[in-house]
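Chemist: Next input, structure requested:
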Amino acid sequence: QLASAGSARSRMLAAAPLGRMDDPPTTKALAATLANDAEFWGVRAEAAGALGALHSDEAFDALSAISLNTLYADIDGNIGYLMTGQLPARSGSDGASPVAPGAAGRGAPIGGPGALPRLFNPARGFLATTNNPVLRGDGPFLTRDWLGAHRAVRITQALAAAKVDVNATTTLQLDRESGAARDVLQGLDSALAHAKQTGGDARGMALLERLRGWNFVVDGGEVPAVFEAFEDRLWRRTFADELPADLFRRYYQWAGAERPAGLYSILDDANARWWDDIGTVERRESRDDTFLLAATDAAGDVEQWSSGRRGWDEIHAARFAHPLAEGGPVLGWLFNRGPVPVTGDGTTVMRISHKRLNGFGAWEYPSWRQVLDVGSWDESKVALTAGQSGHPMSPHYFDQNELWRQGQYRSLAYSRGAVNGAATSRQLLTP
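Modeler: As a prediction, the model looks like this:
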């Protein structure tokens, strides 16, 4: 019927239930429908939905027009990862710039059965991904814009060391220990020793001493805020003297957003040329010198903050701005929310980053947290950043924010019985 029905409606009705028939002929028929450019878009959409409901590699491979990172788990304990779609192939280029059709270096798309990365039941017993490279080394990818490995390393260490269940996973989602901060401060003792030997600035030395006993947890205290101010100044002291102002701003905004570049790439080399301030021709600065200079700058920044309001949760506060609020102050009052205190930063598992060129206020944060209990779906835990309603006068417009900020979750009703038991109101849509 999917192939021969005379009306598009009949073909749409035929495609939908095929998502429950996970066998090669069904997968092939749905794939052929999806790939048929002459077919009505509604039929192709139903075919894509049916393919998405199937669990075979062949079904995912058939979704050739959609590039997805697909994670799989079932009640038998199987887990897997599969990248779907077709990716343009390039030779002699990393894909950062477009290549014209027919030009040298533009090859046939990479895709189809087995062509893209996939993994089923890995030996270590878990999968972890945080926008880091899927494969080590060269691969069939058109990007070099990966995030650094700090969050992936932290997650991998935690999963390898403990039993994974719902409670452990919710705890991991809220983890605020920063491996990036640990890396940045690896030269702290050396910098302090050098400063004491050379009679360094007292304010800078005092700031470095404060960081010396920190546990690298980006909580709401003042020390994490001091570190963030220090790291900001360290970036500027290291690179701003050697790059034109506009180039530095663009580079800092990109590399400072958790890329494995810039500051993070030279921390192990105490005498890298970037540490030197090219404005001081009579000497060559080392990492120790630049640490103290940056600490002194940061001490001045911290002194400008309001006394009693120097905790990272307040310096890093999140604002929730609605597009309609741009219409004026009254609309802003109606639609906007915040600021509200938040913790973590762009390098922690609980990722709440700040825009490097716009102060320390929260910029990117998880709009949805979920921990799914496979097979016991009603035990799954979720939290929204704001609320479920988009109406500012609704009690559900911002009612989940406190839950989200406190690292708490609510149960996700999944089964019909659980949904009926949790429902407080119903919305009926009629034609």
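Chemist: Is residue 259 in a helix, a strand, or coil?
Modeler: When classified by DSSP: H, G, I helix; E, B strand; the rest coil, residue 259 comes out as coil.
Chemist: so it makes contact with residue 149?
Modeler: No: assessed by C-beta atoms under 8 Å, residue 259 is found out of contact with residue 149, at 10.8 Å. In this view, the C-beta of every residue, glycine as well, is placed from N, C-alpha and C.
Chemist: in the stretch 101-250 of the chain, what spans have low per-residue confidence?
Modeler: Across the stretch 101-250 of the chain, the ranges flagged by pLDDT under 70 are 104-114, 136-144.
Chemist: Starting from residue 419, give me the distance back to residue 377.
Modeler: Using C-beta to C-beta, to the nearest Å, residue 377 is found at 11 Å from residue 419.
Chemist: which residues sit in contact with the closest residue in space to residue 357 that isn't next to it in sequence?
Modeler: Leaving aside its chain neighbours, residue 357 sits nearest to residue 253 (5.4 Å; criterion: C-beta to C-beta, 6 or more residues apart in numbering). Residue 253 is in contact with 355-357, counting by C-beta atoms under 8 Å, 6 or more residues apart in numbering.
Chemist: could those residues be laid out in CSV, adding neighbour count and secondary structure?
Modeler: Shown next, in CSV, are the contacts of residue 253 (neighbours: other C-beta atoms under 10 Å; DSSP: H, G, I helix; E, B strand; the rest coil):
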residue, neighbour count, secondary structure
355, 15, coil
356, 20, coil
357, 12, coil
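Chemist: and residue 389, what does it touch?
Modeler: Applying C-beta under 8 Å, 6+ apart to residue 389 gives the contacts 395-397.
Chemist: rerun at 7 Å
Modeler: With contact set as C-beta atoms under 7 Å, 6 or more residues apart in numbering, residue 389 has these partners: 396-397.
Chemist: three-state assignment of it?
Modeler: Three-state call for residue 389 (three-state DSSP): coil.
Chemist: now the contacts of residue 253 in JSON lines, with distance to residue 340?
Modeler: As requested, these are exported to JSON lines (distance: C-beta to C-beta, whole Å):
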{"residue": "355", "distance to residue 340": "17"}
{"residue": "356", "distance to residue 340": "21"}
{"residue": "357", "distance to residue 340": "23"}
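Chemist: tell me, how many neighbours does residue 198 end up with?
Modeler: The local packing of residue 198 (other C-beta atoms under 10 Å) involves 10 other residues.
Chemist: any idea how far residue 204 is from it?
Modeler: With the distance defined as C-beta to C-beta, residue 198 ends up 12 Å from residue 204.
Chemist: Then residue 322?
Modeler: Residue 322 is 42 Å from residue 204, by C-beta to C-beta.
Chemist: Neighbour count: those two, which is higher?
Modeler: Neighbour count, other C-beta under 10 Å: between residue 322 and residue 204, residue 204 has more, with 24 against 17.
Chemist: where does the more buried one fall, phi/psi-wise?
Modeler: Backbone dihedrals for residue 204, given as degrees, to the nearest 10, come out at phi -60, psi -40.
Chemist: I figured it was touching residue 297, is that so?
Modeler: No: using C-beta atoms under 7 Å as the test, residue 204 is too far from residue 297 to be in contact (8.1 Å).
Chemist: How about the secondary structure of residue 209?
Modeler: Under the three-state scheme (three-state DSSP), residue 209 adopts helix.
Chemist: That one: neighbouring residues, count only.
Modeler: Quick note: residue 209 (other C-beta under 10 Å) scores 13 neighbours.
Chemist: try the one 3 residues further on
Modeler: Taking other C-beta under 10 Å as the criterion, the count of residues near residue 212 is 11.
Chemist: Which residue, other than its chain neighbours, is closest to it?
Modeler: In space, and not counting its chain neighbours, residue 212 is closest to residue 188: 6.0 Å by C-beta to C-beta, 6+ apart.
Chemist: hang on, that neighbour packs against residue 207?
Modeler: No: Residue 188 is beyond contact range of residue 207, at 10.6 Å (criterion: C-beta under 7 Å).
Chemist: Just want to know which of these two has more residues nearby.
Modeler: A direct count of neighbours by other C-beta under 10 Å for residue 188 and residue 207 places residue 207 higher, at 26 against 18.
Chemist: residues contacting that one?
Modeler: Listed by C-beta under 7 Å, 6+ apart, the contact set of residue 207 reads 226, 230, 295, 298-299.
Chemist: Can you pull the phi/psi pair for residue 384?
Modeler: With angles defined as degrees, to the nearest 10, residue 384 sits at phi -100, psi 150.
Chemist: If it is in a bridge, with which residues?
Modeler: Under DSSP bridges, the beta-bridge partners of residue 384 are residue 368.
Chemist: Now do the contacts for it.
Modeler: By C-beta under 7 Å, 6+ apart, the residues touching residue 384 are 368, 400, 404.
Chemist: repeat for residue 349
Modeler: With C-beta under 7 Å, 6+ apart, residue 349 has these contacts: 151, 154-155, 172-173, 175.
Chemist: where's it relative to residue 396, distance?
Modeler: Note on residue 349: its distance to residue 396, by C-beta to C-beta, is 28 Å.
Chemist: give me the number of residues near residue 56?
Modeler: Residues near residue 56, counting by other C-beta under 10 Å, number 14.
Chemist: Revised request: answer the last question for residue 23.
Modeler: The local packing of residue 23 (other C-beta under 10 Å) involves 11 other residues.
Chemist: now residue 123
Modeler: Neighbour count for residue 123, taken as other C-beta under 10 Å: 5.
Chemist: ok, now how distant is it from residue 158?
Modeler: For residue 123, the distance to residue 158 equals 18 Å [C-beta to C-beta].
Chemist: Residue 244 too?
Modeler: Residue 244 sits 42 Å away from residue 158, going by C-beta to C-beta.
Chemist: Which one's more surrounded, the two?
Modeler: residue 158 (19 against 10).
Chemist: list the contacts for the more buried one?
Modeler: Residues near residue 158 by C-beta under 7 Å, 6+ apart: 172, 175.
Chemist: 7 is where my numbering starts, stick with that
Modeler: Sounds good: first residue 7 from here, last item residue 164.
Chemist: Roughly how far does it sit from residue 413?
Modeler: According to C-beta to C-beta, residue 164 and residue 413 sit 16 Å apart.
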